[in-house]
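Q: predicted structure and sequence below. I'll ask about it afterward.
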Amino acid sequence: MPTVKQLIRNARQPIRNARKSAALKGCPQRRGTCARVYALRKVARVRLTSGFEITAYIPGIGHNLQEHSVVLVRGGRVKDLPGVRYRIIRGTLDAVAVKNRQQGRSKYGAKKPKK
């Protein structure tokens, strides 16, 4: 238990909560380069422009990502993959949109189908 004098000298520091997506450094998205793509779990190791190397999920069915692909990453965890706290945005940079997507198109970068 600190004395009153010690508390005057050094005030108590509030406990700061850890950020859920620290690698983005307060930005909504970050650009990065794929260091390795794991096909079995649909994840990629991405080296971000902020200097972090993270594991990001590739949403949707099928993808064209390879090593050295440039991708845009956003926050958002994947429930059944521990440690995966980021998602790759489809339809931007080197990540192509999901083909034949009818519903929820904006999440997968798909254009509106022609009638």
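A: Perfect, I can see it now.
Q: top strand in this protein by residue count?
A: Secondary structure of the chain per DSSP state E: the longest strand is strand 29-38.
Q: that strand pairs with which strands, parallel or anti?
A: Sheet pairing of strand 29-38 (DSSP bridges) gives strand 43-48 (antiparallel), strand 70-75 (antiparallel).
Q: buried residues, it. List them.
A: Neighbour-count burial for strand 29-38 flags Arg30, Gly32, Thr33, Cys34, Val37 (criterion: 16 or more other CB atoms under 10 Å). Backbone N, C-alpha and C define where each C-beta goes, glycine included.
Q: ok, what's across the strand from Arg74?
A: Under DSSP bridges, the beta-bridge partners of Arg74 are Gln29, Arg87.
Q: roughly how far does it sit from Arg87?
A: Distance from Arg74 to Arg87, counting by CB to CB, to the nearest Å: 6 Å.
Q: which of these two has more residues huddled nearby?
A: Between Arg74 and Arg87, counted using other CB atoms under 10 Å, Arg87 has the larger neighbour count: 19 against 15.
Q: the more buried one is in contact with Pro59, isn't it?
A: Yes. Arg87 is in contact with Pro59 according to CB atoms under 8 Å; the separation is 5.9 Å.
Q: need the nearest residue in space to Pro113, chain neighbours excluded.
A: Of all residues not flanking Pro113 in the chain, Gln102 sits nearest, at 6.9 Å (CB to CB, 6 or more residues apart in numbering).
Q: same deal with Thr49?
A: Thr49's closest residue in space is Arg31 (CB to CB, 6+ apart), at 5.2 Å.
Q: might one say that that neighbour is in contact with Arg74?
A: No. Shown here, Arg31 and Arg74 do not form a contact pair, counting by CB under 8 Å, at 11.2 Å.
Q: residues making contact with stretch 31-45?
A: Here stretch 31-45 makes contact (CB atoms under 8 Å, 6 or more residues apart in numbering) with 46-49, 53-58, 63, 65-73, 81, 84, 88, 93.
Q: great, nothing more from me.
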